[in-house]
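Novice: Please work out how this folds:
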Amino acid sequence: MFRTLAMALSLMLASAASVQADTKILLNCFPPSKHAICQILGAWADSVEEATDGRVRVTIPAKSMAPPPEQMNSVRGGLFDASLVFNGFIANEVAGPMVAMNPFTGGASSLANSVALWRTYDEFFGDIDEYEGVKLLGLAVNPGANFYSMTDQPILSLSDATNRKMWALPGGTANILKANGGAVVSGPAAQMTEIIQRRVVDGFVGVAANSAKSFGVVDYAQSVTRTPRSIFTAVFSFFISDEKWAELSAEDQAAIMSVSGEAFAELAGTIFDAENQVALAEQDAGAIDVIMASDAFYAELQEAGKPVSAKWIGRVDNMGVDGAAMLRRYQDSVSALQ
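Specialist: Next up, the predicted model:
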């Protein structure tokens, strides 16, 4: 009897030990918890626990532990183990994923954009380690962004955008407006809400419909001007610290990568698209005036965007990568996946 009890106790202890995670990952999410990004990271966390049979547990704090631009440095510094960052904040050190932030390169589908970017980046930058101190787990591309006017004058031309003060995320769109004489207020999306609520600007650009909704800024717009292909798509990098990655067994690393990489691109794209469709439907239903850009406006924007792409191609060429070929491959992949 005592032997049986001892064996039962031993099994219970072994079972309890197996339930406890071998490794815990602290994953930070910088937007508000209702934002699609936090939904994506939460779903990924669940898939990691399932893929590792509970050996790896992922915890996401209720509020961000660091400002949006400091996500990568915070992971490197050990404040938390993993995070996702807008690539506009790390543009000076990471060049490859910026292919998808070139003007008018992405399509309407975040899923297509995200999968195309992961495949293209892996093909052209697979042997180049751009992410110092962290392990890249995935890339995601938000749906395309449009022009929002906060006045009764819609944005119908490039001069309409440059003759008013506009908020824009750092990157190609902000650079295009600045290069054409525009007054641009640029910064993290988290600051956008306050700036727009205070009416420091007369419009905003570089924000997808889902983000305009989740950050509450679409309520301040009177009209939105859409282009056939978006002037801007926001790219996000998802990563874990090298130190935390090294703590994981080869088995758990493989399990995590099975739900990362292209699988993460599919997850992110699916959630982004679902939220964006809801936001676009609300706009179309009369929340704001919806205007399709004229052919002349679209051509004007495409011409203004050429120097941005040329600069990126030159930068990547200097790294030993054929930038023009990479840009074509990304665009062709997006078209094939839509």
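Novice: Off-centre distance for the host helix or strand of I25?
Specialist: Per DSSP states H and E, I25 falls inside strand 23-26. Centroid separation for strand 23-26 versus its chain: 22 Å, with Cα atoms, centre = their mean, to the nearest Å.
Novice: One more: stretch 102-112?
Specialist: Taking mean C-alpha positions (Cα atoms, centre = their mean), stretch 102-112 and its chain are 12 Å apart.
Novice: Let me see the mean pLDDT of it.
Specialist: For stretch 102-112, mean pLDDT rounds to 93.
Novice: Can we start the residue count at 51 from this point?
Specialist: All set: I'll call the first residue 51, so the last point we hit is now stretch 152-162.
Novice: So which residues make contact with it?
Specialist: For stretch 152-162, the surrounding residues in contact (Cβ atoms under 8 Å, 6 or more residues apart in numbering) are 149-150, 163, 190-194, 222-223, 226, 277, 279-283, 315-316, 318-320, 322-323, 326, 351-352, 354-355, 358-359, 362, 377, 380-381, 383-385, 387-388. Quick note: C-beta positions are derived from backbone N, CA and C, even for glycine.
Novice: Report the buried members of the residues you listed.
Specialist: Neighbour counting by 16 or more other Cβ atoms under 10 Å classes 149-150, 163, 190-194, 222-223, 226, 277, 279-283, 315-316, 318-320, 322-323, 326, 351, 354-355, 358-359, 362, 377, 380-381, 383-384, 387 among the contacts of stretch 152-162 as buried.
Novice: mind listing which of those are in strands?
Specialist: 190-191 (DSSP state E).
Novice: Run through the chain and note the low-pLDDT ranges.
Specialist: The model of the chain has pLDDT under 70 over residues 51-70.
Novice: Mind naming the longest helix for it?
Specialist: Secondary structure of the chain read by DSSP state H shows that its longest helix is helix 345-367.
Novice: And it, what does it pack against?
Specialist: Contact here means 3 or more Cβ pairs under 8 Å, 6 or more residues apart in numbering; DSSP states H and E; on that basis helix 345-367 packs against helix 208-212, helix 222-229, helix 373-387.
Novice: Out of those helices, flag the one nearest K74.
Specialist: In terms of Cβ to Cβ, the element of the helices and strands packed on helix 345-367 nearest to K74 is helix 373-387, at 35.4 Å.
Novice: Kindly export the closest one (C-alpha atoms) in CSV.
Specialist: Extracted C-alpha coordinates of helix 373-387, given in CSV (Å, rounded to 0.1, in the frame of the first residue of the first chain):
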residue,chain,number,x,y,z
GLY,A,373,17.5,46.4,-54.4
ALA,A,374,15.6,46.7,-57.7
ALA,A,375,15.2,43.0,-58.0
MET,A,376,14.1,42.7,-54.4
LEU,A,377,11.4,45.4,-54.9
ARG,A,378,10.1,43.7,-58.1
ARG,A,379,10.0,40.3,-56.3
TYR,A,380,8.0,41.7,-53.5
GLN,A,381,5.5,43.4,-55.8
ASP,A,382,5.2,40.3,-57.9
SER,A,383,4.7,38.2,-54.8
VAL,A,384,2.0,40.5,-53.5
SER,A,385,0.1,40.4,-56.8
ALA,A,386,0.4,36.6,-57.0
LEU,A,387,-1.0,36.1,-53.4
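Novice: just checking, what packs against it?
Specialist: If you count contacts as 3+ Cβ pairs under 8 Å, 6+ apart, helix 373-387 packs onto helix 160-175, helix 345-367.
Novice: so how far is that helix from its chain's centroid?
Specialist: That offset, for helix 373-387, works out to 19 Å (Cα atoms, centre = their mean).
Novice: Same check on stretch 291-301?
Specialist: When distances are taken as Cα atoms, centre = their mean, stretch 291-301 is centred 24 Å away from the chain's centroid.
Novice: before we move on, what about stretch 91-108?
Specialist: Distance of stretch 91-108 from the chain centroid (Cα atoms, centre = their mean) equals 21 Å.
Novice: Over to the closest residue to Q381 other than its chain neighbours. Which of the three states is it?
Specialist: Counting by Cβ to Cβ, 6 or more residues apart in numbering, T155 is the residue found nearest to Q381 once chain neighbours are left out, at 5.6 Å. Recorded secondary structure, T155: coil (DSSP: H, G, I helix; E, B strand; the rest coil).
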